[in-house]
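Novice: Starting from these lines, generate the structure:
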Amino acid sequence: MLQKTDTIENSPLSMEDLEIPEPGPNQVLVKEIACGVCGSELNMIQGDWMRFGSPPKLPVVPGHEIIGRVFEFGENVDGIRSGQLIGMQYLWDSCGKCNFCLSGNENMCSKASVTGETVNGGYSQYILGNQKHIYQIHDGVDPLKNAPMMGAGITAFRSVKNLGPIEGKTVAVVGAGGIGKMAIQFLKLYGARVIAVSRSEMNRDLSLDLGADDTFDPGQNYEFAGKIRRSADCVIVFAPSDIAVNAALQICRKMGTVVLGVYATIRDFRFTDEIRISGTLIGSIADANEAISLITKHKIRVDTSVFSLSSANEALMKLKQGEIKGRAVLQI
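Specialist: Numbering: from 1, shown residues only. Next up, the predicted model:
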């Protein structure tokens, strides 16, 4: 449980005994099997995003990449059975009444509840879910290998979707970590030529193995941007760096699209190039279902390092130090 925001070294998560929650109307109690460890949780835990209102409350149990089995459910729950394998994502609930919800963009709902932030999340043995945001997972899926699809996978899918039609286009992925490598695989499914940009030799090699057509080492200050200036029709950025984002604008061709999955300060924007900048935030209900279907059907690969629930702090520390190959997953 997160008690206060500070560096993970100074204020590690605490282990607490909590009562198993009882599901209310439209709620499902899930006995967890696996929960992914996301970089956004590290940002939240360390207070990096306090200026954006995250975390909105303390104490709170982090975790939003969840796969488990239905243990119990409350009144008015339909189409869900005990023992069913399900997934939960960052979006725990949405109002269902605003223009965003009514247009199928529930992830933009201003009254949304967030798993692991406004409600207790997946670093636990049991979690309450909302029937509206429970996703059926095929029984043949390995939770320890696929829990990250409930966060990283949905985010990667939405980022690619926000580019628009990409068949035959060149797309650069700046930041080929866990989410970036999943985005690379989606991009190849949709017929794009992919350039993977990462400081990590391991991530560059893995990107090629996953289908990337070319890779670049950006250098310490992203000086590579001048070498491949205006070489990409589109750019997706997952590297949490102002330098990386501004380099992406140099890489992008005129009238191209840059999708940002990170916070950034943009400077020297060439408005005359008519480059379109878009953010990306997790995914809607439809995005989640489509991403899960594609990941399962096409066996989108994510390398995972498995830790016990009691080793969550170790997983977060290794993530901070860049020692995780792919994604960390907690075995519950």
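Novice: Got the domain ranges for this structure?
Specialist: 27-151+283-331, 155-279 (automatic domain parsing).
Novice: in the sheet, who's paired with Gln331?
Specialist: Ala34, Ser308 (DSSP bridges).
Novice: Pretty sure Thr304 is one of the things it touches, is it not?
Specialist: No. Using C-beta atoms under 8 Å, Gln331 is not in contact with Thr304; the gap is 10.1 Å. All C-beta spots, glycine's among them, are computed from the backbone N, C-alpha and C.
Novice: between the two, what contacts are shared?
Specialist: The overlap between the contact sets of Gln331 and Thr304 (C-beta atoms under 8 Å, 6 or more residues apart in numbering) consists of Leu144.
Novice: elements contacting the helix ranked longest in the chain?
Specialist: Secondary structure of the chain read by DSSP state H shows that its longest helix is helix 285-298. Helices and strands touching helix 285-298, by 3 or more C-beta pairs under 8 Å, 6 or more residues apart in numbering; DSSP states H and E, are strand 135-136, helix 152-161, helix 178-189.
Novice: who touches that helix?
Specialist: Contacts of helix 285-298 (C-beta under 8 Å, 6+ apart): 87, 89, 91, 104, 106-107, 132-133, 135, 137-138, 141, 146, 149-150, 153-154, 156-158, 161, 185-186, 189, 283, 300.
Novice: all strands of the stretch 201-332 of the chain, in order?
Specialist: For the stretch 201-332 of the chain, the strands defined by DSSP state E, counting those that start in this stretch occupy 214-216, 232-237, 252-260, 276-279, 304-308, 327-331.
Novice: Please identify the deepest-packed of these.
Specialist: strand 232-237 (a mean of 27; mean count of other C-beta atoms under 10 Å).
Novice: ok and that one relative to helix 152-161, angle-wise?
Specialist: Angle between the axes of strand 232-237 and helix 152-161 is 150 degrees (criterion: axes from the mean of the first three to the mean of the last three C-alpha atoms, to 10 degrees).
Novice: Break down the stretch 1-150 of the chain into its helices, ranges please.
Specialist: For the stretch 1-150 of the chain, the helices defined by DSSP state H, counting those that start in this stretch occupy 39-45, 99-102, 143-146.
Novice: Restrict the second one to CA atoms and write it as PDB.
Specialist: It refers to helix 99-102. In PDB, the C-alpha atoms belonging to helix 99-102 read as follows (Å, rounded to 0.1, in the frame of the first residue of the first chain):
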ATOM      1  CA  ASN A  99     -20.600  13.200 -24.300                       C
ATOM      2  CA  PHE A 100     -17.400  11.200 -24.000                       C
ATOM      3  CA  CYS A 101     -19.000   8.100 -22.600                       C
ATOM      4  CA  LEU A 102     -21.900   8.300 -25.000                       C
END
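Novice: What pLDDT is listed against Gly53?
Specialist: Looking at Gly53, its pLDDT is 85.
Novice: Need phi/psi at it.
Specialist: phi 90, psi 20 (degrees, to the nearest 10).
Novice: how close does it sit to Cys101?
Specialist: The spacing between Gly53 and Cys101, counted by C-beta to C-beta, to the nearest Å, is 20 Å.
Novice: Other residues contacting stretch 247-255?
Specialist: With C-beta under 8 Å, 6+ apart as the test, stretch 247-255 has contacts from 172, 174, 218, 222, 224-226, 228-235, 237, 258, 266, 269-270, 273-276.
Novice: quick one: contacts for Ala34?
Specialist: 66-68, 143-144, 147, 329-332.
Novice: whoops, Leu91 was the one
Specialist: Counting by C-beta under 8 Å, 6+ apart, Leu91 has contacts 106-107, 112-115, 133, 282-285, 288.
Novice: One more pass at 6 Å, please.
Specialist: 107, 133 (C-beta atoms under 6 Å, 6 or more residues apart in numbering).
Novice: wait, which of the domains of the chain is closest to Asn10?
Specialist: domain 27-151+283-331 (9.3 Å; C-beta to C-beta).
Novice: Just checking the distance from that closest one to the centre of its chain.
Specialist: Distance of domain 27-151+283-331 from its chain centroid, counting by C-alpha atoms, centre = their mean, to the nearest Å, is 9 Å.
Novice: go on, stretch 224-244?
Specialist: 20 Å.
Novice: Quick one: end-to-end distance for it.
Specialist: Using C-alpha to C-alpha, to the nearest Å, the end-to-end distance of stretch 224-244 comes out at 10 Å.
Novice: List the buried residues in that stretch.
Specialist: The neighbour-count check on stretch 224-244 (16 or more other C-beta atoms under 10 Å) flags 224-225, 228, 231-241, 244 as buried.
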